[in-house]
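>>> after the sequence you'll find the predicted model.
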Protein chains: 2
Amino acid sequence: MSTPSAATPLRVALLGCGVVGSSVARMLTEGAGDLAARVGAPLELVGIAVRRAGRDRSDLPVDPALFTTDAEELVTRADIVIEVIGGIEPARSLLLRAMEHGASVVTANKALLAEDGPTLYAAAARHGVDIYFEAAVAGAIPILRPIRESLAGDEVTKVLGIVNGTTNYVLDKMDSTGMGFAEAVEQAQALGYAEADPTADVEGFDAAAKAAILASLAFHSRVGSEHVYREGITEVTAADIAAAAAMDHVVKLLAICERTRDASGTVGVSVRVHPAMIPRTHPLGSVRDAYNAVFVEADAAGELMFYGKGAGGDPTASAVLGDVVAVARHRVGGGRGPGESAYADIPVLEMGAARTRYHIALDVDDRPGVLAQVATAFAEHDVSIEAVRQEGVTDDTGQTRANLIVVTHTATDAALRATVNALSGLDTVREVTSVMRVEGS
Amino acid sequence: MSTPSAATPLRVALLGCGVVGSSVARMLTEGAGDLAARVGAPLELVGIAVRRAGRDRSDLPVDPALFTTDAEELVTRADIVIEVIGGIEPARSLLLRAMEHGASVVTANKALLAEDGPTLYAAAARHGVDIYFEAAVAGAIPILRPIRESLAGDEVTKVLGIVNGTTNYVLDKMDSTGMGFAEAVEQAQALGYAEADPTADVEGFDAAAKAAILASLAFHSRVGSEHVYREGITEVTAADIAAAAAMDHVVKLLAICERTRDASGTVGVSVRVHPAMIPRTHPLGSVRDAYNAVFVEADAAGELMFYGKGAGGDPTASAVLGDVVAVARHRVGGGRGPGESAYADIPVLEMGAARTRYHIALDVDDRPGVLAQVATAFAEHDVSIEAVRQEGVTDDTGQTRANLIVVTHTATDAALRATVNALSGLDTVREVTSVMRVEGS
C-alpha cells in the first residue's frame, strides 16, 4: 500500500451509478474542496462503472469520459473503490480484485456482507487494506461505527432495530389508518417506498441481512444470513395492529440480536427478524414512516438509540462518503480501521432457545372452565401468564363465544410454540386467531 | 511513538478515581480479556493518580499499589493516559505532559476542551499522538465520533442537543407534574441528578461547553465556550411550561449549533444554549428524565438523532473505554485518529444574527385597538406573526385585562428582542410576562 503525500490525489473508482451511485458521484464532485481538506489529499474520481454505456447521465456534474463498462479494469487503477452495485456477483469478484490490486473498498452491499463477509474481510486483512460498509445497515444512520468503535470497550447485550423502511412505512400506515396489509403495500409502492416486487422487504430478507451484520459486529462473532431466523410481515393483519393498539403497543418488524443462554446454560446469540408488538412509549415505538432506528443495550452504556433515514440516494451516499473519508485518511496518514473481530466466536442459538413473550388471541367457547383449561396448557409448558383479557361475543348462529387474549411473561420460543400447539388441540378452543411476539419491555 | 508487538502490553495510566474513574478502573480490569482481543495487545493499568492517598478503595478490583498521588510522574510512564479529573488545572498540564512524553490521551473534560482545546490538539499533532474525548459530550452516547467520522463526507447544517441531564430532569418534572423550578431542583438533588450547587447545570455552563465542542467538530471551525450565547433555566416558570403545553410543546434546555447567514449574507455559525419550546412530536420532545439526545441535520443524511445516558460512572466509562480501544489500536497497528479540523474557519455570529422564533406572553388592556397596536410593533421590526391567542380576564380591581400570546415566524434574534422592547413601551401593554424561543419546527 503506497502512502501518497498530501499533494498526491487519491484515485477513487465508483462501481454503480443508480440512485446511490449518482448521489455519491455528485457529492464527490461538488464537495471536492471540503473532502480534500478533511482527508489531507484531493479525491480524484477516475471512473464510474456502469452496466450499459450510452445512457444519458448529463444531469451528473461529472466528465462523461469517466463512464466505463469495464469494471474489472477500473478497479485495478484506484486507491479507493466504492461498490454500490448490490447483489452477490459481480460485486464480490470486483471487490476482491480491487483489494488484490491494493485498493481499500467501501461498500453498501448488505446482501453480500451477510452472505460472504468473512471472505471479504480476510482479503482486506491479507492485502493490508480497509473494507468499510456503514451504508449497508440503516442508510444514513451511523450505527456500525458506533457499535464497532464507540462501544468497543463495552459489552453489547441486545440490539433491537427497525432497519427496513418499507415495512416500517407499511406497518405505520396500518397503525395510523386501520388499513390492511395489501392496501398499505400499494400505497408504499405508489410513493416509491416499496419495489414492484416487495418480497425482499416484506418477507424480511433485507432486514435479516442487516441483522447478521449487526450481530457479527455487536458480538465479535461470525453471523451470516443463514443463521438468522426470519418471519416477514405478510401475515400481519389489521386485527393484530388493533390488538397491539389495545395494549398501547405498536407492531414493528424488528431485527433482534441478543446475547442469551440456552437451556443448558451455554452463552449464545439469538439473531432473528420478525414482527413484534412493542410499547408505544419505547424509543422505537415512535419511529414513523420509512424512518429507521436502532436501539442498543450495553452493559455500561445502558440504553442507546440511533435514528434517521434508512434509505435513499443522498442519505446512503452520506454514509458511503463518511467511509471514503476514513479510508482515504488511512491512505494519507497510515493505519487501518478495525478489521473483522470474530474472536468471541459465540454460537448462534436455535430460534427455540430465544427468550421472548407472546401475545396470543384465541376464539373460544364462552363457558365455565375454559380459562382454567387454557391456563393449564400454559402451566404445563412452564409459560407464565402476564395478563388475560376476555370479551364475550355472540356469533351468527346465536352461540356465545369469547375472544381470549393472553399475554405471557418471557419464556423460550420453543415453550411458547409448544403451548400454542397445545392450545390448538383443546376442544374449547375454536381457533388460535393470532400469535405475535412482544418485545421491548 | 513506539509500535509494540501484539504481545507487548500497552501501559495505561488513569488520572482521577471518582465516579467515572472507578468505573474505568473496574472495566479495564474485569474486561481485560475482551479488551486485549479487540486491541490486539493487552492493556496494563500501571497507575491511578488520586488527590489523597490512604482512602479506602478496596471495593475496586485493582492492586492497591497502583494508587499514587504523583500524577506528574505517572504520565511519563504510560502509552495511554486517561484523564477524568475534570476542571482546567492540573488536568491541562498533565495532558500536555503526557503527550510530550509520547502518550496518547483520552479525556472526558468538556470544560478544558471548550476553554483551551486548540492547545491540546496542537500538542497531539506535534507529538504524533491521539487525543480522543467522546465522553466529554453526552456521556455514553456516541456523538462526537459520528459527527467527526461518519458525517465527514456530508455537511452538517444544524445540531440541536439535550446535553445536560440535570436540566432535562428538572424541566421534565416541571412538565409532568406542574411543579415549580425550585421544587424540581430539590427533587433532582435528592435523587443525585443535581449537585448541591447546581449552578453549572442550571445556568447552562455545562451545556455551553458541550455546544462549543459540538460546533467545532460539526463545522470544522474553532468555537470556544466564550463564543457560546448562554441562558440557563432558572427563570423558566410553571406558567412557561403550561404555555408550551397549550401549544403541544415542551420546554427543553437546548444546545444549538447552526450554520446560517447574517444580515450581510456572510456565512457564520450560531452557537447558543437556552431554554426553548419544541413540539412534543419532535424526536427531542420525548426525551424524558435525565436522558440526553442530540438531533443532527445534514445536507445529505437528513435528520439523525442519537439518544442515551448523558452522565453516570458506567455510561461515561463506556465512552472512555471506546476511545481507549481506538487509540490503543493505533499504537498497535499504526495510524492516528482525526486531529483537529478547523480548516473551514467559519466565524461565530453574534446572538442577534441567530434566526429563531419567539413565544411571547403579554398582559394587556382588553380594549379595542390593542391587538392592532401590538401587531404594528411586530411589523415595524419585520417580524411576522404565526399565531395569536387572546384570553380575557377580570382582575381584582374589576378592570378587564387580557393575556395575549403571540408566536412569531422565524426572524433574527435582534429583531425579536427589539420587538419585545417596543412592546414593553406600549401604553396598552401592562407587562411582557414571558418570552421564550421556539425551536424544532
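Yep, that arrived.
>>> of all residues in chain A, which one is closest to chain B?
In chain A, the residue that lies nearest chain B is A:Gly335 (1.3 Å; C-beta to the nearest C-beta). Just so you know, the C-beta spots here come from the backbone N, C-alpha and C atoms, and that holds for glycine as well.
>>> check that residue and give its pLDDT.
Looking at A:Gly335, its pLDDT is 92.
>>> tell me the secondary structure at it.
coil (DSSP: H, G, I helix; E, B strand; the rest coil).
>>> how about the helices in chain A?
A:19-30, A:32-39, A:71-74, A:91-100, A:110-127, A:144-145, A:165-177, A:181-190, A:199-202, A:205-219, A:238-246, A:313-333, A:370-380, A:413-424 (DSSP state H).
>>> which one, of those, ends up nearest to B:Asp240?
helix A:165-177 (31.5 Å; C-beta to C-beta).
>>> show me the contact partners of that closest one.
A:139, A:162, A:179-181, A:184-185, A:187-188, A:191, A:193-195, A:198, A:201-202, A:204, A:206-207, A:232-233, A:236, A:238, A:241, A:244-245, A:250-253, A:275, A:287-292, A:309-311 (C-beta atoms under 8 Å, 6 or more residues apart in numbering or on different chains).
>>> which residues touch the residue lying closest to A:Gly224 once chain neighbours are set aside?
Nearest non-adjacent residue to A:Gly224, counting by C-beta to C-beta, 6 or more residues apart in numbering or on different chains: A:Ala212, 5.4 Å away. Residues in contact with A:Ala212 (C-beta under 8 Å, 6+ apart) are A:Leu113, A:Ala114, A:Val223, A:Gly224, A:Ser225, A:His227, A:Val228, A:Val271.
>>> go again with 10 Å.
Going by C-beta atoms under 10 Å, 6 or more residues apart in numbering or on different chains, A:Ala212 touches A:110-111, A:113-115, A:117, A:137, A:222-228, A:255, A:257, A:271, A:273, A:348.
>>> next one: A:Gly337
Taking C-beta under 10 Å, 6+ apart, we find A:Gly337 in contact with A:104, A:124, A:129-132, A:145, A:148-149, A:323, A:326-327, A:329-330, B:149, B:326, B:329, B:333, B:335.
>>> mind checking how far it is from B:Ala36?
19 Å (C-beta to C-beta, to the nearest Å).
>>> other SSEs contacting the worst-scoring helix or strand of chain A on mean pLDDT?
For chain A, the helix or strand with the lowest mean confidence is strand A:385-394, at a mean of 87 (criterion: mean pLDDT, DSSP states H and E). Judged by 3 or more C-beta pairs under 10 Å, 6 or more residues apart in numbering or on different chains; DSSP states H and E, the packing partners of strand A:385-394 are strand A:355-365, helix A:370-380, strand A:400-408.
>>> which residues touch that strand?
With C-beta under 10 Å, 6+ apart, strand A:385-394 has contacts from A:243, A:246-247, A:357-364, A:366, A:370-371, A:374-375, A:378-379, A:399-410, A:438, A:441.
>>> now which of these would you call buried?
Listed as buried from the contacts of strand A:385-394 are A:243, A:247, A:357-364, A:366, A:370, A:374, A:378, A:401-408, A:438; burial here means 16 or more other C-beta atoms under 10 Å in any protein chain shown.
>>> in this structure A:Phe270 contacts A:Leu160, no?
Just to correct that, residue A:270 is Ser rather than Phe. No. With contact defined as C-beta atoms under 10 Å, A:Ser270 does not reach A:Leu160; the gap is 11.7 Å.
>>> residues shared between the contacts of the two?
The contact sets of A:Ser270 and A:Leu160 overlap at A:Ile256, A:Cys257, A:Glu258 (C-beta under 10 Å, 6+ apart).
>>> partners of the last one in the sheet?
On the basis of DSSP bridges, A:Glu258 takes part in beta bridges with A:Lys158, A:Ser270.
>>> neighbours of it, how many?
23 (other C-beta atoms under 10 Å in any protein chain shown).
>>> next: the first one.
Around A:Ile256 there are 26 other residues, counting by other C-beta under 10 Å.
>>> surely it meets A:Glu297?
No. Contact criterion C-beta under 10 Å: A:Ile256 and A:Glu297 do not qualify, at 11.2 Å.
>>> quickly list what's touching both of those two.
With C-beta under 10 Å, 6+ apart, A:Ile256 and A:Glu297 have common neighbours A:Lys158, A:Val159, A:Leu160.
>>> how about the contacts made by the residue nearest to the last one when sequence neighbours are not counted?
By that I understand A:Leu160. Spatial nearest neighbour of A:Leu160, excluding adjacent residues (C-beta to C-beta, 6+ apart): A:Phe295 at 4.4 Å. Contacts of A:Phe295 were listed using C-beta under 10 Å, 6+ apart, and they are A:158-162, A:254, A:256, A:278, A:282-284, A:287, A:303-307, A:439-440, B:307-308.
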